[in-house]
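Visitor: my questions concern the predicted model and sequence given below.
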Amino acid sequence: MIHYLVRRLLALVPVALGVATLTFAIIHLVPGDPVVAMLGETAAPADIVGMRHQLGLDRPLLEQYAAYLGGLAVGDLGESISYRKPVSQLIAERFPATIELAAAGLLVALLLAFPLGVIAGANPGGGADLAAMSFAIVGISIPHIYLGPLLMILFSLDLRWLPLTGRGGFEHLVLPAITLGTALAAILARMLRQSLIRVRASDYMRTALSKGLSARSALLRHGLKNALTSVVTIVGLQLGALLSGTLITEMIFSWPGIGRLLISAIGARDYPVVEGCVLTFAITYVIVNMTTDLVYAIVDPRVRIS
Amino acid sequence: MIVRIRNPSLAIGVTTVVAIVLAAILGPMLFRADPLSIDLANTLAGPSRVHPFGCDALGRDVLARVLYGARLSLSISTVVVAISLVVGSMIGATAALSGGRIDNLVMRGVDIVLAFPGILLAIALAAILGPGLIDLAIALTAMGWTGYARIVRGEVLTLRERDYVLAAESLGASRSRLLMRHLLPGVAGPLAVQATFGIGGIIGAEAALSFLGLGALPPTPSWGNMLDAGRAFLLVAPHLTTAPGLAIGLSILGFNLLGDGIAQKVGHRA
């Protein structure tokens, strides 16, 4: 196990390096001059030269790249232009909010998906199946940018049950989490239904039934356990969508995470912050993916981790 | 008389997609309101006979803007998916046929692009390129090609061991003939499924980018920037978010069902 962990962690290094390089390339090689963009077309040439020097953009590209990687190695992401603070500090302050939102979204997805998937998969073709799967196809199709405002109209403005925006206690988390988690819930429910239908036809289910288990407990005790691996797989595949969904959800609900930091930095042309946020999202995703593989090995003993 | 539809996803998907495409092409010709003309007397007006979907904060007709938004959304997503499909397939096929080092290098590149979750890469690119339709298309294509590359590589690797391909190869078929005549037709099914879901995905991504101010800029009507502008008037004029929101949802639903339907038909799951 430890051997496997170490190997997976080492395999992270080239991917992380590639991610850092691509992020650097997007910011530094794509046409468009960040300094002119920051100062405006009418800026005095002396100011432009000064700003370029201050950001180190007048140095050769390779030197900039080396400095960038050197900084990364010690957790230095540069300094924000608009906040005049270290980028790593800005991100560290907001990262917990983003993780909280993503975790809550995942929780909503799981809480919705299991009942829906089991109801649909227990009696495929029935009315409950049709209802659950109709909900699922709508859930997959409704975009965050519409579901968010819809929930706001209903639960904040109309019923006044929940706060409109911002981060605070549990009640602040409910609507953003539902906005974020619904699509994943729908995908998982469909997947769960399919695995349950497949599992029902298997030999061990027939054994469970013939030894006298009721259809219900056979499905819950044996069927669900075996369908769990496909749930973990889909969660793993969909985590990227969930993570980039936090970005949109944070904008809709004024949630103070790194997604909102990224979008406001784009507006302010604060490129060190843009670079840092993009990198943080990507590295988080890579690490989370690795974690899913580990969970997969725990859930399904047939997956050998060597 | 009850007609039993064997593939309801396909039937509903085709109907929805055809309806949306027709609305985009014919809509602005039949409903001749100007999506850009400002009429402050009608600020935030609710639905009426003259303005079936009401008016926005500047008194512009919402139905006209949704119809023009459909043109933008459908044309961008079709172009982006077409380019992603061609570029991705070429890269995937090259990797599979070259094998060894080149294959390894290409697939590591795909892994790195895929390490950027969801629309993050498109957001980063759009941030640097600046807003605008061509830049938007470039950003979305940079994000979208990897799926096609993976599918084509995977399928080509399996197909090239098949007897009919080996037979063609031993008869002296060139690599390009092998690819065009024997390998790519075998990949057509899964690619069609992926591309159909892809159009729905790009419609959603385009709307999200425009919503964030990184896509189509006002006054150009796009579903995403209409939703963004409507957010300020959720309570007084909910029709401003409902109209573009339903348009995005229905389009994605239509292409998802169509994708499901095609997948059932060709027996491939994307």
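Guide: Structure received. Residues are numbered from 1 along each chain as shown, chains lettered A, B, ... in the order given.

Visitor: doesn't residue B:20 make contact with residue B:74?
Guide: Yes. Using Cβ atoms under 8 Å, residue B:74 is in contact with residue B:20, at 7.1 Å. Where you see a C-beta, it was placed from the backbone N, CA and C, and this is true even at glycine.

Visitor: list residues touching both of these two?
Guide: Taking Cβ atoms under 8 Å, 6 or more residues apart in numbering or on different chains as the criterion, residue B:74 and residue B:20 both touch residue B:251.

Visitor: count of neighbours near residue B:182?
Guide: Neighbour count of residue B:182, defined by other Cβ atoms under 10 Å in any protein chain shown: 18.

Visitor: ok, residue B:79 next?
Guide: By the measure other Cβ under 10 Å, the count of residues near residue B:79 is 16.

Visitor: what does the pLDDT read for it?
Guide: On pLDDT, residue B:79 comes in at 95.

Visitor: give me the element it is part of.
Guide: Assessed by DSSP states H and E, residue B:79 sits inside helix B:62-98.

Visitor: cool, and residue A:292?
Guide: Assigned by DSSP H and E, residue A:292 falls in helix A:271-299.

Visitor: ok, and does that helix reach over to chain B?
Guide: Yes. Helix A:271-299 lies within reach of chain B by Cβ under 8 Å from any Cβ of the partner chain, at A:274, A:278, A:281, A:282, A:285, A:286.

Visitor: between all of those residues, which two are separated the most?
Guide: Across those, the longest distance by Cβ to Cβ is 18.9 Å; it joins A:274 and A:286.

Visitor: which one's more surrounded, the two?
Guide: Comparing residue A:274 with residue A:286 by other Cβ under 10 Å, the one with more neighbours is residue A:274, at 26 against 22.

Visitor: returning to that earlier point: mind listing what's buried along the helix holding residue B:79?
Guide: By neighbour count with 16 or more other Cβ atoms under 10 Å in any protein chain shown, helix B:62-98 contains the buried residues B:62-74, B:76-81, B:83-85, B:87-89, B:91-97.

Visitor: starting at the chain centroid, how far to that helix?
Guide: Offset of helix B:62-98 from its chain centre (Cα atoms, centre = their mean, to the nearest Å): 6 Å.

Visitor: quick one: it near chain A?
Guide: No. Applying Cβ under 8 Å from any Cβ, one finds helix B:62-98 separated from chain A by no less than 11.6 Å.

Visitor: so what does that helix touch, helix or strand wise?
Guide: On a contact count with 3 or more Cβ pairs under 8 Å, 6 or more residues apart in numbering or on different chains; DSSP states H and E, helix B:62-98 meets helix B:8-30, helix B:100-114, helix B:133-159, helix B:184-211, helix B:223-230, helix B:239-266.

Visitor: dump the residue contacts of the residue of the stretch 1-150 of chain B found nearest chain A.
Guide: Chain A sits closest to residue B:118 of the stretch 1-150 of chain B, with a gap of 2.6 Å, by Cβ to the nearest Cβ. Contacts for residue B:118 (Cβ under 8 Å, 6+ apart) come out as A:240, A:241, A:243, A:244, A:245, A:247.

Visitor: one more time with 6 Å, if that's ok
Guide: A:240, A:241, A:244 (Cβ atoms under 6 Å, 6 or more residues apart in numbering or on different chains).

Visitor: how about it, secondary structure?
Guide: coil (DSSP: H, G, I helix; E, B strand; the rest coil).

Visitor: phi and psi next, for it.
Guide: Main-chain dihedrals, residue B:118, degrees, to the nearest 10: phi 50, psi -130.

Visitor: quick one: pLDDT of it?
Guide: 81.

Visitor: surely residue A:256 and residue A:97 touch.
Guide: Yes. Shown here, residue A:256 and residue A:97 form a contact pair, counting by Cβ atoms under 6 Å, at 5.2 Å.

Visitor: residues from the stretch 51-200 of chain A in reach of chain B?
Guide: Counting by Cβ under 6 Å from any Cβ of the partner chain, the residues of the stretch 51-200 of chain A lying close to chain B are A:141, A:142, A:143, A:145, A:146, A:149, A:152, A:153, A:157.

Visitor: which of those are buried? Put it as a PyMOL command.
Guide: The PyMOL selection below is limited to those of those classed as buried (16+ other Cβ under 10 Å):
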select buried, chain A and resi 141+142+143+145+146+149+152+153
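
Visitor: in helices, which of the residues of the stretch 51-200 of chain A next to chain B fall?
Guide: A:141, A:145, A:146, A:149 (DSSP state H).

Visitor: for the last one, which residues are in contact?
Guide: With contacts taken as Cβ under 6 Å, 6+ apart, residue A:149 has the following neighbours: B:231, B:234, B:241.

Visitor: distance of the last one from residue B:207?
Guide: Here residue B:241 is placed at a distance of 12 Å from residue B:207 (Cβ to Cβ, to the nearest Å).

Visitor: which stretches in the stretch 101-250 of chain A count as strands?
Guide: Counting by DSSP state E, counting those that start in this stretch, the stretch 101-250 of chain A forms no strands at all.

Visitor: from residue A:281, how far out is the residue in it that chain B sits nearest to?
Guide: Residue nearest to chain B within the stretch 101-250 of chain A: residue A:244 (2.6 Å; Cβ to the nearest Cβ). Taking Cβ to Cβ as the measure, residue A:244 falls 8 Å from residue A:281.

Visitor: looking at those two, which is more packed in?
Guide: Shown here are residue A:244 and residue A:281; by other Cβ under 10 Å, residue A:281 has more neighbours (30 against 25).

Visitor: please name the nearest non-neighbouring residue to that one.
Guide: Of all residues not flanking residue A:281 in the chain, residue B:120 sits nearest, at 5.3 Å (Cβ to Cβ, 6 or more residues apart in numbering or on different chains).

Visitor: tell me how many other residues crowd the one you found.
Guide: Using other Cβ under 10 Å, residue B:120 has 23 neighbouring residues.

Visitor: unless I'm mixing things up, it is touching residue A:246, no?
Guide: No. The pair residue B:120 / residue A:246 is not scored as a contact, 10.5 Å apart, by Cβ under 6 Å.

Visitor: for residue 55, grab the count of nearby residues.
Guide: No chain specified, so I'll use chain A. Per other Cβ under 10 Å, the neighbour tally for residue A:55 reads 18.

Visitor: my bad, the chain I had in mind was chain B
Guide: Neighbours of residue B:55 (other Cβ under 10 Å): 29.

Visitor: tell me the pLDDT of it.
Guide: Looking at residue B:55, its pLDDT is 82.

Visitor: ok, residue B:17 next?
Guide: As summarised for this prediction, residue B:17 has a pLDDT of 93.

Visitor: tally of neighbours for residue 227?
Guide: If you meant another chain, say so; for now it's chain A. Around residue A:227 sit 23 other residues, with neighbours defined as other Cβ under 10 Å.

Visitor: you looked at the wrong chain, it should be chain B
Guide: For residue B:227, the neighbour count with other Cβ under 10 Å is 28.

Visitor: surely it meets residue A:144?
Guide: No. Contact between residue B:227 and residue A:144 fails when scored by Cβ under 6 Å: they sit 10.3 Å apart.

Visitor: who's in contact with residue B:62?
Guide: By Cβ under 6 Å, 6+ apart, the contact list for residue B:62 reads B:53, B:54, B:56, B:243.
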